[in-house]
Every structure is written in structure tokens, then in C-alpha cells.
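1. no sequence on this one, just coordinates:
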Ligand code: AOF
Ligand code: ZN
């Protein structure tokens, strides 16, 4: 194997390790491995969430002695700042590491610059090994860090003809049990779920993340209700199974600013169609998760209403990441096409 192939294999291991850390919370999922001078893995680490040591520090701590000529392979550029923890660039220098290989560059205002600090200390730095894979894995956090707003996933379940309810307003159950299990599992990986006040009044949803047996996942996202109408007393969303926040505004920018300030990295917009349409109209959706059920509902209860598209050239084009059968339904995961989606209108 060439050196490059070995760096890539080590980076793949670091990417796999990263996913052992929590997807929720302000910090990214980061993995690291330490290699000896023959480029064999001698230590591994991953980050376990804000306030705990960073991946490279965890990996270094596995070794009583750092051998000469060691290489650290990290999925994210080592940080250069003192945040909740000390700067990893300094920790790597102090440990006597000879070479640092990383995938994604750190875009943070304060935390970036690790590569320069390492080089200035005489350490060989190889940047952007498997960067595309790492950027994809870090997509939510990179969006949060660079756009200074939460990453927005819009989810809906609809009939094949794109209706989210029958004409009398009934909407339970469009998607099947497999789709519902999938969406509850995904709920447990986000920081907040958003709904409009209209949905709270009309559907009285609980918006917790539940396993198929009804029990709660250990992580419950913050439930955020957007809109000026009051939440009726006794609404399920006010139960004690998860925290709830009511933002009495219709201004989505204000909503995103407030959630960003709270460290909410990933929000999942659950509806109704009015709130969903506003996010789409303003090109604020980063990811679409659509459960299509094999039924037709007709009528005018569309999953989306006015999204500021009146003519074909304005169509919002998506690129499909993948589709998957889920029971009788079809799951579609998509993202906006760079040109039409993320995010020319956004400011
Ligand atoms: C992580 N884990 O393994 C690495 C990170 O407040 P702090 O001290 O936890 O710093 C968080 C920042 O550190 C984070 O936003 C990113 O810029 C950088 N690198 N963060 O949570 C890690 N390597
Ligand atoms: Zn760090």
C-alpha cells in the first residue's frame, strides 16, 4: 500500500469512529486515529459531545508513550482555540506528533487556523484527505457553523398525489408503520422539531421521538411552536415528556436566529403546510425527507402551498440523494440543487 492509501484507510476508520459520538448538540461528530511510523493504527478516539475532550485528545490519551514519527489522522482540522476545552493543535504539538492528516477544514471564526499553528511548530500537515466524504458527514455542523443558523430538514408524509390530508382535514395515518418508525428514529437525532400553531390546534401532536413499542428515545428534541396564536391549555405538546418553546412570531429569520443562539444545530420542520411552504419559499431547507404513501387523496390539502413559484423557470429543483421502500411507502431523501436551493434569497 502507498502512503496515501494508508492515510485514506486510516481516515475511513476515523470517519466510522466519528459516528459513535452524538449527532445532536452544538459540536460536530469527529473521529481520530494515531498511527505509528509504519502507519499502523495504535490508538483511536472520537468526540462525545460539547464539554468533553476532542477526538484527537481522546486518541492521544490512549497512549502511555507517543512513539517517534507518529501521525494523527483526524476527520476535522484540529482546533486552534480554547473553547470549552483547550486547543488540539497545541495538544498535538505537546505530544510530539510528527505529522497531522485531516479531512475537512474548520470554518470556525475562532477555531480555524490549526493547520498553520501545526506547521509553524514544524509538524508536517496533509490537508483534505477524503474531504468530500468528511464534508458530507459534517454537513449539518458545517451548515450551522458557516451560515450561523440551524441546518433545516423539512419532513412530510403525503399521498402519491402530494396531499398531506384528506379534504376534511384528517391526516392520520397517511404513511405506514415502517415510515413512522423511521421518522421517530430520525426525530431522536435532531435538536429541535418545529411546527406552526395551526398544526398544534388542528392535530394536537405530541412530537416526541418514540420507539415502535411507544417508549421514548433517550434523546428528545426541543419542541418549538412557531406563530402568534396561543397554544391551547392541555395540548399534548405541553406534556412533560420533552421541553417546549413557543416563539410568538412568523418571522423565520428571527426563529432561526433565536434557535442558533441556543445552540440548536439541526431542526426538523414537521408542518403544517403553511410553515413548510414558508421555509421552502425562502430557500431555507437544506434537506427534504418525504414519505410517499400509495394512496390518492385529491382535494386541495397539499403538502406545500404557496412557495413563491408561479412559473416553470422558478421551480425549485431538488437532487435526490436516495430512495428507499419502507413497507408499502417510498422514502425520498433529497436536497436543493445548488443553483436553485442553498440559498440565494437567504440573508
Ligand atoms: C469538537 N470535537 O473532536 C473537534 C472539534 O467548545 P469546544 O472546546 O468543545 O470546541 C468546539 C469546536 O472545536 C468545534 O466547533 C470545532 O470548531 C472544533 N473541533 N470540536 O467538538 C472535536 N476536533
Ligand atoms: Zn479541538
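-> Looks like it came in fine. These figures come from a predicted structure and were not determined experimentally. Ligands and ions are numbered 1, 2, ... in the order given.
2. For the residue of the stretch 51-200 of the chain found nearest ligand 1, report the pLDDT, please.
-> Using C-beta to the nearest ligand atom, residue 83 is the residue of the stretch 51-200 of the chain that sits closest to ligand 1, at 2.7 Å. From N, CA and C alone the C-beta is placed, and that goes for glycine too. On the pLDDT scale, residue 83 is placed at 86.
3. ok, and the closest non-adjacent residue to it?
-> Sequence neighbours aside, residue 111 is the residue nearest to residue 83 in space, at 6.9 Å (criterion: C-beta to C-beta, 6 or more residues apart in numbering).
4. Which SSE is immediately downstream of the helix or strand of the chain with the lowest mean pLDDT?
-> Of all regular secondary-structure elements in the chain, judged by mean pLDDT, DSSP states H and E, the least confident is helix 197-203 with a mean of 93. Of the helices and strands lying after helix 197-203 in sequence (DSSP states H and E), the nearest is strand 222-226.
5. What helices and strands are in contact with the next helix or strand after that following strand?
-> Past strand 222-226, heading to the C-terminal end, the next element that is a helix or strand (DSSP H and E) is strand 244-247. When contacts are defined as 3 or more C-beta pairs under 8 Å, 6 or more residues apart in numbering; DSSP states H and E, strand 244-247 packs onto strand 222-226, helix 252-261.
6. The shortest one pairs with which strands, and in what direction?
-> Looking at strand 222-226 with DSSP bridges, its partner strands are strand 192-196 (parallel), strand 244-247 (parallel).
7. which other residues reach the shortest one?
-> Outside strand 244-247, the residues that touch it by C-beta atoms under 8 Å, 6 or more residues apart in numbering are 192, 222-226, 231, 237-238, 254-255, 258.
8. ok, the closest residue to residue 229 other than its chain neighbours to ligand 2 distance?
-> On the basis of C-beta to C-beta, 6+ apart, the spatially nearest residue to residue 229 that is not a chain neighbour turns out to be residue 197, at 4.0 Å. Between residue 197 and ligand 2 the computed distance is 41 Å (C-beta to the ion, to the nearest Å).
9. Make sure residue 197 is actually in contact with residue 232.
-> No. In this structure residue 197 lies outside contact range of residue 232 using C-beta atoms under 8 Å: 9.5 Å.
10. Who has more neighbours out of these two?
-> residue 197 (23 against 12; other C-beta atoms under 10 Å).
11. Let me see the contact set for the more buried one.
-> Taking C-beta under 8 Å, 6+ apart, we find residue 197 in contact with 225-231.
12. rewinding a little: which of the contacts of strand 244-247 count as buried?
-> In terms of neighbour count (16 or more other C-beta atoms under 10 Å), the buried residues within those are 192, 222-226, 231, 237, 255.
13. residues touching residue 78, list them.
-> Shown in contact with residue 78 (C-beta under 8 Å, 6+ apart): 54, 56, 72, 87-89, 91-92, 100, 102, 106, 114-115, 118.
14. Next step: those residues restricted to strands.
-> The members of the contacts of residue 78 that map onto strands under DSSP state E are 72, 100, 102.
15. With pLDDT as extra columns, can I get those in TSV?
-> What follows is these, written out as TSV (pLDDT from 0 to 100):
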residue	pLDDT
72	98
100	98
102	98
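16. and the protein, which residues reach ligand 1?
-> Within the chain, the positions adjacent to ligand 1 are 27-28, 30, 47, 50, 54-55, 76, 79, 83-85, 88, 106, 108, 111 by C-beta under 6 Å from any ligand atom.
17. element containing the residue nearest to residue 83?
-> Using DSSP H and E, residue 111 maps to neither a helix nor a strand.
18. okay, now it: neighbour count?
-> Neighbours of residue 111 (other C-beta under 10 Å): 20.
19. For it, give me the pLDDT.
-> pLDDT recorded at residue 111 is 83.
20. Residue 342 too?
-> Among the per-residue scores, residue 342 holds a pLDDT of 43.
21. Same check on the one 5 residues further on?
-> Model confidence at residue 347, given as pLDDT, is 36.
22. Could you list everything the residue lying closest to residue 10 once chain neighbours are set aside pairs with in the sheet?
-> Using C-beta to C-beta, 6+ apart and skipping residues adjacent in sequence, the residue nearest residue 10 is residue 73, 4.3 Å away. Here residue 73 sits in beta bridges with residue 33, residue 101, as judged by DSSP bridges.
23. Residue 73 against residue 8, yeah?
-> No. Counting by C-beta under 8 Å, residue 73 stays clear of residue 8, with 9.4 Å between them.
24. tell me the SS of residue 322?
-> Put simply, residue 322 is strand when judged by DSSP: H, G, I helix; E, B strand; the rest coil.
25. tell me the contacts of it?
-> residue 333.
26. mind putting the contacts of residue 197 in a markdown table, pLDDT included?
-> Formatted as a markdown table, the contacts of residue 197 follow (pLDDT from 0 to 100):
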| residue | pLDDT |
| --- | --- |
| 225 | 98 |
| 226 | 98 |
| 227 | 96 |
| 228 | 94 |
| 229 | 94 |
| 230 | 95 |
| 231 | 96 |
